[in-house]
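*Asks:* need a structure here:
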Amino acid sequence: MQALDQEMTTSGIVQVGKSGFHTLTVSESEGIEIIARLRETQGDVLGRAFLLNLDQIIVRLGPRWEAKQALVREHLKTNFGHRFQEPNWCAQILENAWLGVAITATARTGALKCAEIWKETGEFFVGDLSDAELPLFEVVVEAADRLKLRQIDLNTYYDRGDDFGARSAVRPQIAGPEPAAAPRPNLSVGTMTPIQRPTMTSAPVVIAGRDLQVACAVEPVFELKNLSMIGHRLEPLVIDRTGNVHLDSKALKSMDWVDREKVDLANIEEGLRLLRARSPGQRKILIVVPVAFSTMASVRGRSQATAAVSKAAAEMGMKVLYEIRGLGGVPAHRIMEIVSLIKPYCMTVVGHVASDRRSIDAVRQSGFSGVCLTYDGVVRDQAALQEHLKELSTAAKAAAGACMMQGFDNLRQLAVARLAGVSHASVKTSALLATGSGS
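*Replies:* Modelled structure (predicted):
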């Protein structure tokens with residue numbers, strides 16, 4: 001057990017300072033996406049975000065944890081769903097850290113119900129935990145990759161004038177230590193490290209005076225004929241550290257070519273680092289590498305990207321698929337020229353275009369083996385979703401022979417995409433951790 005005043009610097013763990021407050025640094029990109037979702041839903045501002053440290057369950061399960069961890073996560077998720085409906089949500093943010101966001105409940109009610117979830121989950125998997133300390137923390141977002149935690153004592157944790165909706169819109173900082181009347185016990189949270197999930201650190205990139213952080217979300221890629229996972233897609237996650245703002249695809253598209261090259265190369269570096277950290281059994285056969293056309297049209301960018309990816313693929317025994325983005329306005333003959341220069345370094349190349357017939361038709365006879373489209377996220381019932389995807393997949397197959405899609409919210413959408421003729425697809429990493437999502 002770590003002393004409370006010891007600071008630990010390993011990526012993805014909790015730092016415990018002398019004040020008794022705890023900083024959870026999340027370096028995996030899916031964790032960063034969960035923090036971004038927490039910021040968007042304002043759960044921490046409202047005082048409705050709670051974290052459970054699962055170390056006590058992990059220790060008691062011992063060697064059985066590896067086989068039981070997925071069941072524990074599902075049990076937590078199911079229990080949360082029984083107590084809270086949308087827009088409340090929960091997610092596994094580290095191997096041993098579970099986050100519950102109870103936006104529609106009061107702070108004390110949310111804390112009590114999360115404590116019930118902990119008690120019931122513990123009793124189900126390891127027996128009575130009533131003699132153990134409640135590992136429940138309130139959560140505030142401190143930065144894009146960092147949470148500040150304060151342990152909750154249910155005997156003294158009350159709704160602090162519980163009109164949290166009247167709180168300042170400015171994101172609160174957890175102020176100084178609690179009064180001496182409520183001393184903190186020694187915590188095991190100082191050893192909260194990911195158990196088996198490999199971690200990474202994001203890469204700093206300075207562009208036009210902006211301090212950016214580039215992380216990589218390694219999304220699972222599925223072959224839809226058999227609904228089997230076959231690979232990993234290296235999706236960039238770019239954050240402007242000045243305001244902790246996530247840069248979306250439009251912002252990336254508007255970047256200068258040289259700046260976008262820096263982002264692409266940083267994303268490749270981080271994604272390959274994360275894949276290398278996984279065991280061979282955790283890696284599938286395919287790496288899907290999204291990269292801008294401008295980067296691959298540059299001799300420097302192309303040589304650096306293909307050299308890094310080819311070396312890593314050879315080391316890990318994996319095959320490479322390049323997904324070329326930013327094709328708007330590029331003539332077909334120019335695309336074909338660059339594709340021909342890329343093909344010696346990979347299994348195949350697909351073109352990523354906007355999800356409309358005009359954009360899809362524009363990449364006919366460009367040398368691609370398929371078209372990759374982004375799911376628009378519009379809520380549809382199953383019949384409407386299948387019709388929408390079938391229209392897109394038909395156009396994509398006519399243009400390039402195959403249709404891939406990325407950005408689905410859940411596995412049910414993959415099944416609908418299969419019926420619509422989509423051949424391959426990826427799912428958001430954060431979506432796999434969410435409480436639930438619609439079609």
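*Asks:* residues touching the nearest residue to Trp257 once chain neighbours are set aside, list them.
*Replies:* Leaving out its chain neighbours, the residue that sits closest to Trp257 by CB to CB, 6 or more residues apart in numbering is Ser294, at 4.0 Å. The way it works is simple: take the backbone N, C-alpha and C, and place the C-beta from them, glycine included. Neighbouring residues of Ser294 by CB atoms under 8 Å, 6 or more residues apart in numbering: 257, 260-261, 301, 326.
*Asks:* Now intersect these with the helices, please.
*Replies:* Judged by DSSP state H, the subset of the contacts of Ser294 located in helices is 257, 260-261, 301.
*Asks:* Just confirm Leu51 is within a helix.
*Replies:* No - read with DSSP: H, G, I helix; E, B strand; the rest coil, Leu51 is strand and lies in no helix.
*Asks:* Across the sheet, point out what pairs with it.
*Replies:* On the basis of DSSP bridges, Leu51 takes part in beta bridges with Leu99, Phe137.
*Asks:* Could you list the low-pLDDT ranges of the protein?
*Replies:* For the chain, applying pLDDT under 70 flags the ranges 1-21, 27-30, 158-203, 208, 243-244, 429-439.
*Asks:* tell me which element Trp65 is part of?
*Replies:* helix 65-83 (DSSP states H and E).
*Asks:* tell me what that helix is packed against?
*Replies:* Where contact means 3 or more CB pairs under 8 Å, 6 or more residues apart in numbering; DSSP states H and E, helix 65-83 is packed against helix 55-61, strand 89-94, strand 97-101, helix 107-125.
*Asks:* Select, out of those, the one closest to Ala384.
*Replies:* Evaluated over the helices and strands packed on helix 65-83, closeness to Ala384 peaks at strand 89-94, with 24.4 Å, by CB to CB.
*Asks:* Return the set of buried residues in the closest one.
*Replies:* For strand 89-94, the buried set under the neighbour-count rule, 16 or more other CB atoms under 10 Å, comprises 89-94.
*Asks:* is it true that Ile268 touches Ser310?
*Replies:* No - applying CB atoms under 8 Å, one finds Ile268 not in contact with Ser310, separated by 11.1 Å.
*Asks:* Tell me which of the helices and strands packed on helix 65-83 sits most buried.
*Replies:* strand 97-101 (a mean of 28; mean count of other CB atoms under 10 Å).
*Asks:* Could you check the angle that strand makes with strand 49-53?
*Replies:* Between strand 97-101 and strand 49-53, the angle comes out at 160 degrees (axes from the mean of the first three to the mean of the last three CA atoms, to 10 degrees).
*Asks:* what does strand 97-101 rub up against?
*Replies:* Here strand 97-101 makes contact (CB under 8 Å, 6+ apart) with 24, 34, 38, 41, 43, 48-54, 73, 76, 80, 84, 88-93, 110, 114, 117, 139, 192.
*Asks:* next one: stretch 52-61
*Replies:* Contacts for stretch 52-61 (CB under 8 Å, 6+ apart): 65, 68-69, 72, 76, 96-98, 100, 114, 117-118, 121-122, 125-127, 129, 132, 135-137, 188-189, 191-192, 195.
*Asks:* now Met405: how far from Ser426?
*Replies:* Per CB to CB, to the nearest Å, Met405 is found 8 Å from Ser426.
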